[in-house]
Structure formats: C-alpha cells, structure tokens
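Undergrad: okay, structure incoming, though there's no sequence with it:
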C-alpha cells in the first residue's frame, strides 16, 4: 500500500489518496478488532474508583488475567452503560456509590440485561474537616451544620431566613469565625447522605421541621424544605473531587469541607477532623454504626458475561476476598470500612446469586 | 471475503488502471506529450478514479443497506410465539444478531464446524456450549426459533456479502475498462479528473454535516425522554437552577436561563481579556517585531493554548481567585465574597484564549499585501495609521473568524469554569459573584451519581441540545450578517 | 490617509519646513509610539502569564522526577517462592519476605534505633508487585542475591522532598512520627536514597495506595496513537474541506449549511463529542472500548472545525493575484489551487493544525465517555496495530485522574505529567516553527 500511495502522492489528487489511505488504515484496524476483548471492563462511581483501582492493580499483579480497565464517570453514567445491553462492546461491571434503583433495573431489562449480581464491598464514611492550622472545629452536632447552612432556621423561637454569619452565634462552643462550608454538589451521591444524615437530622433536632409543619407544610414538603441550603455564598457546592474541596480549604482557613474518610486519612497532616454527635470518625466507629454519616458502596456484575469475559467472576471474588476487602486488607488500610457481612457476599458471588432471585 | 481485501482489490485495480491509462494516452499521442489535451498523469488518474470511486460508493451504500434489509427479512421470520411476554421483537432480534455473530466467531476460531453452525436441527444445548467455549456472549439458553433465525441471518448475510464482492469488483473493472477505452489524445482528462476531485473535496466538507447529524441523533432521544419527565416551559423559562439529588424526587428546578446567562457573562469577560491582548499582540508581531522576535514570541504564545485546562483551573482557584479577593474582597473594595467568581474564570479563560486570537490574526494580517501598506506610507501615513485604517480593515473578515473561534472555545470550556467560577447557578449582574455555565453543568450532570433515568441526569442531554441549537442559530445569524455586509462592496 | 490629505490642503502649513516637527506631527508620532507600546504590553502580558504558569508547573512538578528508593540485597529461595505463589495475595507474601530480610539485615548492622517489622512496612511502598514481576520474568535468578531498588512509601518520599516535615506530621497508620528516626538512620546507612524516577517516565498507572509505582509512559503511548489518528485524518480532511469551501464552493444552500455547521461544531462542548463517540463508534460500529483509535476519531471530529476555520482564513489571505497569474499561464483552477495557493497558505494551515492538535492533546472530557479516563494500566501495547485498539489512557486523562487522588504523591505526579505533556507540546511547536520558516513569505 505504501508503494501505491507514494506513486499517487506525486499527483494532484493528493487529498484523494490521503483520504482513501486513512480510510484504509481505519478499515485495517477495525478488521483486527474482531479479536475478543480479554480484559474486564468496569465503569462507574468515582467514589468506588480508588478501591477498584487498588483491586484492579493487585488483580493484574497476582493473577494471569490482564489488568481490568476501571473507568470513572459517575454512578449514573456507569449504570447507564451497564444497562446499554449485553455483549463485548458493553461493560461487565458497574461501580456505584448507591444501590441500583428500580427504574434502572427496568431500563436494564428492556435492553436485555436481566441477570445482575449486586456486590456490596463495604462502607464509606463521610467526615467534616477543616484546615489543620485553622480555628478549632472539632465537635459538631447535626444541628450545628443545619444552623450554619440551612435555608430556614429557628431563630429566637421562630422560623426565619438564615442570617447567621458566625458559628458562635448559635453555638457558643464553636469558634467565632465566618461560616464557610464546602459541601458536595447535587451531582454527588455523597450529597444524598449528607442531606439525610446531617441536614435532616439537624432540621429535626433544632425544631425547624416541627415549626415548618406547624406553619402549614405537609410532612413531605417540610422534609424537602429542610434539605434546602442557603444561597448567599456561605455554603458552596463542590461539583469536583475532594481535591478541589481540599484546595478551597487550603485557601480559606475558616472553611469546613465534607470529605470521604479515606481522603481525610490520606491528608491528616493538612486536615483536622470534627466529631459528629461526639463520635470521632474511624473505620471502627463507622463499622459499628456509632458514627452516623456513612453509606454502602456497591458494584454490579453482568451475569451473562461470566464465563465469557475471562476473569470476570475471578475479579468479583478477588475483590471481596478476606485478604482484600477484609478488616486488615489493602482496602481497609486505604480507608474503606469493611463490610461485617462480607462472608455472605462471598457466598452470593460463588453461587452467582442475582438481584430479585431471593438474595 | 473480508471488506479489507475488497478494498485492496479495488485499489489494485485502480492502480493498474492508472498505469495503463497513462501509457495508453502517451501511445495515442505518439509519445509526444504536446499532442495530449491534458498532462499524461491526468489520463491515468481518470482511469483510477473511475475505477475506485463508484466501487467505494457502492461499498458504503451496500454496507449500510444490507443490515437493514436482512434485519427486516429475518425479523419477519420470527413467529409471534417466540416473543416472550414483556419482551419485544427488537429484543429478540438483538439476541438473534448476537447468536449469529457468535456462530461466525466460533466458526472463525475453529471451535465449531460450518456444518454444525448451519444445521437447522442442531442440538441447542450443544450449540450454546460451543458458543460459550468460543468465548462468545450468550445470555441464556438459545431457543429453536432464535437459532433458526440466526442461521438464516447468517446465510443471508453471507450471500449478500458474496454478491456485493462480485458486483464491486465488476464495477471497478467496468469503470477501469470504460475509462481506459475513452483515453485518447484529445480526451479532456483534466476536466473530468478535476470534476472528480472536487466531488471528493465536497465529500470532505460534508463530514461536518454528518458530524452534526450524529450529534443530534445521539442527543435527541435522551432529550425527548427528559421532556417527557420535565415540563419544557419550566426548562426554557425557569429562573432557578437547583437540581436536587434524585433521591429526593420531584423538587428539582431545572431552568436553563441562569446557566445561559453565566455562559454569556463568563465568555464575555474572557473575550474582553483575550481580544485586545491577542489583537495587539498580533499587530505587533506582524508589523513591528523583528523576524527573530516574531519567531520566538509567536510560538511561545501558542503554548498558552496547549496548557491543559486543568492547570488553568488550578491557577484560577489557587492564585487568581485569592488575588482578586484581596483587592475586591472584604479587605479591599468589598464587592467580592469568595475567590470563585465570573471575574476569576473569565480572566483566566481570557489568558488561555490569547493565542486563538493572536496567532490566527497574525497570520491573516501578515497576508495583507505589502503593496497596500506601501501605498499608505506613500501618502504619508504613519505605521500605526496604516495599520488602523488600511491593514486591519483588509484583515477584518479573518480576524472576526479568529474571534468567533475563541468565543466558541470559551462557550465549550469546563474545567476553568468549575474551578474558577464555581458550581452555583445564579442570575446576577455582579461579575464578582459565583456563576456557572451550560457546559460545566452538562459535564457535572452527566458524570454524577443520580439515577440515569431521572430528569436530573437526562437534563445534560437537553442542555447539550439547547446549546447546540442556540449556537447554530447564532451562526446562521452571523452568516446572514456577514453576507449582507459583504454584498455592499461587491 | 484622509487625515493626511486634509492637513496638506490647509494653507499656512507649507510655510513651515517639512523637516521641522510641528504639534500635529508630534501628536502623530506620539500616537505611533503609544500604538507600538500597546503591542509590546500585550505580548508582555501574554508572556508574563506563560512564565507564571510555567514556574508554578515546574515548581510543583519537578519533584515528580525523583523518587526515594530503599535499596537492599535480597535472596529468594525456591521454597519461599513456592510458598508465596500458593496464596491468593502473592504480592503481599513477597513483600513480607522482603520486609523480614530487611529487618534481619538491619539487626545485623545494629542501627541505634528500634526497628520493628510494622514500621518497615510503613516505610515501604507497595513493593510486592515489583518483586514478583522480577522473579516471574527472571526465574533463573531465584537463589541469587539481587540488589533491589524499591519505592519507599509516599510519606517517606514526601519527607525527603519536604512535603512532610516533623512539625506537620500526624501519627497515622501510614506513618508515625517516630518512624522518621528510622528513616534518618537508614539514610545515613545508605539504604534509603534519592534516585531519578525512571518508573515515572516509563511505567503505567498504579492503584491509589501506590503512588511510588505510578508512571506516565503508557499513557504517552496512548496519546501518541491518538495523535497519529487525529493528524492522519483531520489534516487531509480539514484541508480538503477548506479548499472546497474557499475555492470551489458555489453559493448555494448546501454550502451555507456546511459553513454554518462547521462554525457551530467549534462551539460544541467537547464532552458532547464524547457522547457522540460512545453512541457511534462504540455502540454502533462496535469499535473497542478505551481504545486510542476511538479516542483519536472523537478528537478528530472535535479538531476539524478548528483546522477548517484557520485553513480557510489562510487560504483567504493568499492574494487573488497569485491565482490570476496561475490561471493566466494556462493552469486550471484546480492546478492553481494545489500548486500555488496551497503552498503559500501552508504556514497558516500549520498554525491552525498545531493549535488544533494542541487542543486535542490536552483534552480530557470527550475521553471520559469512551472509557479512557479512570484506571487504565495495561502497560505498553503488544505491537503497532495493537497500539490503536488495546485499552490505554492518554496524558491529560492520566493527569486528571492523578489530580483527583487523595495521596499528595499523586498530586505531585499530576504536575510532573503536565511537564511531560508540555514537552510534547513544545516539540510540536518547534516542528511547526521550522516548517513555518521554510514556507512563510510576505507579499
């Protein structure tokens, strides 16, 4: 082909030859792609990604299978691609920082993805931390967070728009510095946990919710209103990663950020963590349920691909093995809270139990 | 026969055609090049093009049409009884296609003989196992109707393929022979070849249209889904953008206006930075700078366009934001509350856009004929007067193009916006407040954790579609204006 | 121009010598100087930002090119190998063997600090993988004494680079304050030392708990193959499309449609091209996921408008006299364009192509949806063609993922990656300068 191309190139119709030559190259390449995919393809949540990357690296190092490819892109995009259909050009595993929803299972089934195995890998703790050298934010109650950033709060016994400027205004034990909270944006699954376990709890305990219902709201509306945050810049949504939150805390010594436990533990020299309800976050307190703000992490496996994509079942088993996801494995060492019911998960994988089949 | 081989054969035919066409032309001219109407290579190219182009055109059409035809044929063969409750014909067809592809691959790997794959009464369990052994995706047990459909799918495809190969080679040969016979010394080969080449050029230009069609198609279905879930009037005219996480359900406000405003505002600030700096830099580089300065400064500025946007984002977040805050914040003028603001993102984005304006404008200014400058100097104008009144007006269309390109880039930027201007959507005139853009929200809603069938996730597609249509409208308008403006001078 | 002629018409001016500068002339001269100064200021501003960005990149990124290694002799017996291969987490077994060996070596030397195995484990990075890979590839070395240079843990590395200091360090399971004594003692003994970070240049991505093992090499290859696709497709298609639109296109609805489409595509957010790529290339055409081929195709579509717009501008800039002259001596329109106009427009086309390629080289968002962002650590492709289809990452994608990771060691690596990316960019620019010098001319 090179020869032909060279002869042709001398001529005026250069562009024609270049065009067909590149078309040819593409055709040649796509002809070779008929070879089967030999690696496990994973996509989904960026919260699960760190753990999946640890496992994928170890899986590549410790088995004869090629290193799986783990894409990031969020639980939503991951599950969407998971549910796109069955076949080599779809992914095998979707990571998710939340359980798959009913609607999604239905969408999956419509595309022929019927047998889905759900695997819970452990729990992710969510912590509040501030600059190491900043003011002493070391003990929070959900009520403090709610008072700081809720849209409507109880002030002098009545419901009012939030006009608090400093933490000390509603809790004398907290430093008298300007409120600046960096909370996960609405795209993050972390936001849901933050809303449920912190804002809602705070709304109830400050009595704001009761006041809202007394003011004529239905219970559902009041719950929704409890989750609204003030929009005057005291609370900043972060759509990026925890590194962005960290950078913002770095430039604002009064800032308080919401982080994952693992992220905090990797940055203890920069961040100072606060207790929630008097409990310090750690893998132990989260595993025992004492520390309230945590959530389970999952991945989903397409059963139809087991036995077809080499190493898929082995990957799932490897991920949940005691040596990996157990209390002293590399995942726990990085900051994942090990699942106390790991044994059952292992059995389910071994028996290829799927969603809705009595698991 | 693989498509690759077909392509190679056609290319070979056209190569042979080229050589023989050229020599036949020389022969007919009696070896005297002056007797030919066109240069000899044109005669060769004439034969080559006529052999290759119809064949390739047919190949593309056939490859597009055959699956559609076979699909509809096979789909009609599946009995209604084979479609389970809750399933659909298209689902079963997907299964059929997968099985057929599996059989193909299994045969190609030698795991299964062609006889077994074709045998309509083959043992289904055996086939299933054979497919699994060959590493093919099999959802569940293959049923008899599916297997039969898959087998006829395969045989029809194989037949279609053979017919296509034969027709294609014949067409290429016919094209070569006919054009070879046309080749005479007075044949207007150049005109014909040039016509052909211009068709190819047109095809290259049409790729833009194809891309647009592709983008629209890949957005439209999800956009439609979104509008089924969320009222269009609220999306287009809503003044608040506050998606909730889908767990809450029902209380998201997804108005696009604050995002459009943010996009416009940030882009405007960015252009206010980039256009003057870029334009003056271009003028200096092309009119004043010595060749050595120009050779160094121009590529250096171009590097600004190539620095990954995440670096600019971090620069905005860590350096520019705090800097602006110290001047305009509570310690200074008191206009600014936090480091993330339209101003921060706009300034940094402006820096990134400088080379888009400067480099392209420089090339264009440079291309203004020297005679125009000389004429202006001859009348006694100074250099700056010449530039302002002669060179710039002459280069204006190109400069406008460069600025439009920079504006396009500003609209499409994400990282700088997310890190520099924040994630909060707001309708405000204050450039020191945090705002966000449509693009940034497309990315964040698309890569979020929400339920993928929820309006919060699907809104990304609607945003993309709206932005696409809006910019399309603006471009149509721009084209109209340019036309109108130009026509006054023609 | 008009000003000048107006002034000349004024009577009285001629009474002054033309050589003397009157107020008006001085004003014009000042305007001239001002105008020139604006230009210098503009360029200086641009270069100032470039310098600022470069210094911060270099400051943050240079440390990525050195690493801290623990260098020890180690012997693996056949029996130890068999035992290690028998468990699930083989790399951990190798790592434990190494730690035991290191401890006994330290005990022999009699360092004046307390040494325990847990502390040694904290000092070491994830070394098991390196050791196992070595012995799998060199089975004949079993039983021989081998000197290993193994990565120290990220904190220890940070201690050497000043990222971690005695004042800021907080006790954690990653490193204790007391461990620093041991680090100092080991440094004195020559066991821990700084070395050039070859694995960073040549390696592939690593897990989030293993910053010492992360390298950018594989993703450089990925970017290279993507750029091959982009250059091979977008330059010819872009130039052909521009020539058509600028030189041959009749004025009709279809041409208008194409023109509007091209300028519109330039404003489409790059992630939308990712959506397109996922739908068309992966789901419809069944091209492989995470492959540089698909990445290149997506980036080609994304870059085409940039190249077309700038190519058209430079074609437009070639004076009509060139075409007229060519046509006058009997060339056809096609010959005039291909033989005369195109070569003269080459510098501008190059500029546009370089800007377009630079943009493509630094783009992450479209790759997000076709699976090239995340954890892609396949290493080098098996061959030239496989380079297009085997899963791989790209430089900006790699940088983006590193920047999001918790460990500060990755943050440093992200900046190091940016330096390498910029080196590629500089190379491309230098090539462009050389080509431009050869082609550029002025009329």
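TA: Arrived safely. Please read all numbers here as calculations on a predicted model, not as lab measurements.
Undergrad: low-confidence ranges, chain C, go.
TA: By pLDDT under 70, the weakly predicted segments of chain C are C:1-18, C:111-114, C:440-443.
Undergrad: strands paired with the strand of greatest length in chain C, and their directions?
TA: Counting by DSSP state E, the longest strand found in chain C is strand C:66-75. Strands that pair with strand C:66-75, judged by DSSP bridges, come out as strand C:145-151 (antiparallel), strand C:192-196 (antiparallel).
Undergrad: got the buried residues for stretch B:31-38?
TA: By 16 or more other Cβ atoms under 10 Å in any protein chain shown, the buried positions in stretch B:31-38 come out as B:36, B:37, B:38. (C-beta placed from N, C-alpha, C; glycine too.)
Undergrad: now do the buried residues in the longest strand of chain C.
TA: Buried residues in strand C:66-75 (16+ other Cβ under 10 Å): C:66, C:67, C:68, C:69, C:70, C:72, C:74.
Undergrad: from these, which is closest to chain B?
TA: Relative to chain B, the closest of the buried residues of strand C:66-75 is residue C:66; by Cβ to the nearest Cβ it sits at 21.4 Å.
Undergrad: quick one: that closest one and residue C:206, what's the gap?
TA: 17 Å (Cβ to Cβ, to the nearest Å).
Undergrad: ends of stretch A:128-139, what's the gap?
TA: In stretch A:128-139, first residue to last residue: 10 Å (Cα to Cα, to the nearest Å).
Undergrad: avg pLDDT for that stretch?
TA: Averaged across stretch A:128-139, the pLDDT comes to 88.
Undergrad: list the buried residues for that stretch?
TA: Buried residues in stretch A:128-139, defined by neighbour count with 16+ other Cβ under 10 Å: A:128, A:129, A:130, A:131, A:134, A:135, A:137, A:139.
Undergrad: swap in stretch B:151-169?
TA: For stretch B:151-169, by 16+ other Cβ under 10 Å, it's B:151, B:152, B:153, B:154, B:156, B:157, B:160, B:161, B:164, B:165, B:168, B:169.
Undergrad: for stretch A:91-100, same thing?
TA: If you call a residue buried by 16+ other Cβ under 10 Å, then stretch A:91-100 has these buried ones: A:91, A:92, A:93, A:94, A:95, A:96, A:97, A:98, A:100.
Undergrad: same question, stretch B:119-128
TA: Using 16+ other Cβ under 10 Å as the test for burial, stretch B:119-128 gives B:122, B:127, B:128.
Undergrad: equivalent analysis for stretch B:397-407, please.
TA: Counting neighbours by 16+ other Cβ under 10 Å, stretch B:397-407 gives B:398, B:399, B:400, B:401, B:402, B:403, B:404, B:405, B:406, B:407 as buried.
Undergrad: please apply the same query to stretch C:278-286.
TA: C:278, C:279, C:280, C:281, C:282, C:283.
Undergrad: try stretch C:55-69
TA: Across stretch C:55-69, burial judged by 16+ other Cβ under 10 Å covers C:56, C:57, C:60, C:61, C:63, C:64, C:65, C:66, C:67, C:68, C:69.
Undergrad: so what touches it?
TA: B:307, B:311, B:315, B:319, C:149-152, C:156-157, C:160-161, C:163, C:192-197, C:199-201, C:212, C:411-413, C:415-419, C:422 (Cβ atoms under 8 Å, 6 or more residues apart in numbering or on different chains).
Undergrad: I'd like the strands paired with strand C:66-75 as TSV, with distance to residue A:207 appended.
TA: Formatted as TSV, those follow (distance: least, Cβ to Cβ, whole Å):
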stretch	distance to residue A:207
strand C:145-151	55
strand C:192-196	58
